[in-house]
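Colleague: Below: sequence and its predicted model.
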Amino acid sequence: MTVYALEITVGVSSGYATIIGIYSTNEKAEDAKAKHMKDTAHMAWHYKIAPIEVDKTLNITYMEW
């Protein structure tokens, strides 16, 4: 099974990365992205939808800066 994490990253030399939510389909993640963009006025390039396999070991450096 795959879930979809909606992430936002803001900043260059300083900033933050946040997971907005985890969704069962890519379409639900896209809808959440559109709503978040409308509410916050962030541009689309700040967002990423990452597919994540459930019950699988992951070793990912999430954000470093």
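Modeller: Perfect, I can see it now.

Colleague: quick one, what contacts residue 21?
Modeller: 5-6, 29, 32 (C-beta atoms under 8 Å, 6 or more residues apart in numbering). Just so you know, the C-beta spots here come from the backbone N, C-alpha and C atoms, and that holds for glycine as well.

Colleague: one more time with 7 Å
Modeller: Listed by C-beta atoms under 7 Å, 6 or more residues apart in numbering, the contact set of residue 21 reads 6, 32.

Colleague: Start from the N-terminal end of the protein and give the helices.
Modeller: With DSSP state H applied, the chain shows helices at 26-40, listed in chain order.

Colleague: Run through it and note the low-pLDDT ranges.
Modeller: With pLDDT under 70 as the threshold, the chain has low-confidence stretches at 62-65.

Colleague: distance of residue 6 from residue 58?
Modeller: Summarising the geometry, the distance separating residue 6 from residue 58, computed by C-beta to C-beta, to the nearest Å, is 17 Å.

Colleague: who's more crowded, those two?
Modeller: Counted by other C-beta atoms under 10 Å, residue 6 and residue 58 do not tie: residue 6 has more neighbours, with 22 against 6.

Colleague: what sits against the more buried one?
Modeller: By C-beta under 7 Å, 6+ apart, the contact list for residue 6 reads 20-21, 23, 29, 32-33, 47, 49.
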